[in-house]
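Asker: model the structure of this input:
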Amino acid sequence: MKGAPLSDREITMLCAGPRPMLSPFVPRQEGKPSYGLSSFGYDLRLGARFLAPLGGINTILDPVNFPQNHFREVVAEGTFDLAPHSQVLAESVEVFDMPDDMMGLAFGKSSYARCGLVVNVTPLEPDWRGRLTIALINTSPLPIRLHVGQGIAQVVFFRGERPTRTYSEKESGGAYQDQTGVTLPQ
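Answerer: Numbering: from 1, shown residues only. The predicted model follows:
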């Protein structure tokens, strides 16, 4: 049935061929918070690279004219503690190569949601390729410890008819095609 979420069997077939939809692919759930294949989705792992805002009251975050020098890169080993009421940009371990008739929607993991973490990932559009940039927002009055290499979000995949325009064919130029890591607005 078109439009229904893909099952674990369908996701496995799309990740096993000569052009895997995501890699590295883990065919079972592992770790805590878990990562790998689930019944109707795939649990992504949190990468080690983060872009953290420098702070300051005179800077405005404007997606049309983004202050590129307002963030510093942090490479974490093992864990990253996200300060209360703050946000950071992170990357997935997995790299995606979406088929032109597929899209993915990402949702935060329940263990982190219960700590006050909001995980935001824009849709994985048909024909998009790259490593995901993930926005992580701590709504809690306490720091939240993020575990590098463990699950951070679940992607649910859907198949439909190929759209008139895929991500790479968009009028806006598909600015985030083939991104290799955590990427600021362009």
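Asker: how much space between the residue located most distally from the centre of the chain and P67?
Answerer: Computed with C-alpha atoms, centre = their mean, the residue of the chain farthest from its C-alpha average is N58, at 29.2 Å. According to C-beta to C-beta, to the nearest Å, N58 stands 10 Å off from P67. Glycine gets a C-beta too; all of them are placed from N, C-alpha and C.
Asker: and the residue nearest to E161 when sequence neighbours are not counted, how many neighbours?
Answerer: What sits nearest to E161 in space, not counting adjacent residues and going by C-beta to C-beta, 6 or more residues apart in numbering, is D101, at 6.5 Å. By other C-beta atoms under 10 Å, the residues close to D101 number 15.
Asker: so what's D101 up against?
Answerer: Counting by C-beta atoms under 8 Å, 6 or more residues apart in numbering, D101 touches P126, R159, G160, E161, R162.
Asker: and the pLDDT at it?
Answerer: If you check D101, the pLDDT there is 95.
Asker: quick revisit: now the contacts of D101 in a markdown table, with distance to P84 and pLDDT?
Answerer: Converted to a markdown table, the contacts of D101 look like this (distance: C-beta to C-beta, whole Å; pLDDT from 0 to 100):
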| residue | distance to P84 | pLDDT |
| --- | --- | --- |
| P126 | 38 | 96 |
| R159 | 40 | 95 |
| G160 | 41 | 93 |
| E161 | 45 | 93 |
| R162 | 45 | 94 |
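Asker: neighbouring contacts of the lowest-mean-pLDDT helix or strand in the chain?
Answerer: The weakest-scoring helix or strand in the chain, judged by mean pLDDT, DSSP states H and E, is strand 71-75 (a mean of 94). If you take C-beta under 8 Å, 6+ apart as the criterion, strand 71-75 is touched by A48, R49, F50, L51, A52, P53, L54, F80, L89, V182, L184.
Asker: among these, name the buried ones.
Answerer: A48, R49, F50, L51, A52, F80, L89, V182 (16 or more other C-beta atoms under 10 Å).
Asker: now, which of these lie within strands?
Answerer: Residues of the buried ones among the contacts of strand 71-75 located in strands (DSSP state E): A48, R49, F50, L51, A52, F80, L89.
Asker: contacts only, for the closest residue to P20 other than its chain neighbours.
Answerer: Distance criterion C-beta to C-beta, 6+ apart; nearest residue to P20, sequence neighbours excluded, is D97 at 6.7 Å. By C-beta under 8 Å, 6+ apart, the contact set of D97 is R19, P20, M21, L22, S23, R129.
Asker: quick check, nearest of those residues to I144?
Answerer: Nearest to I144, judged by C-beta to C-beta, of those is L22 at 25.6 Å.
Asker: I'm done for today, thanks for sticking with me.
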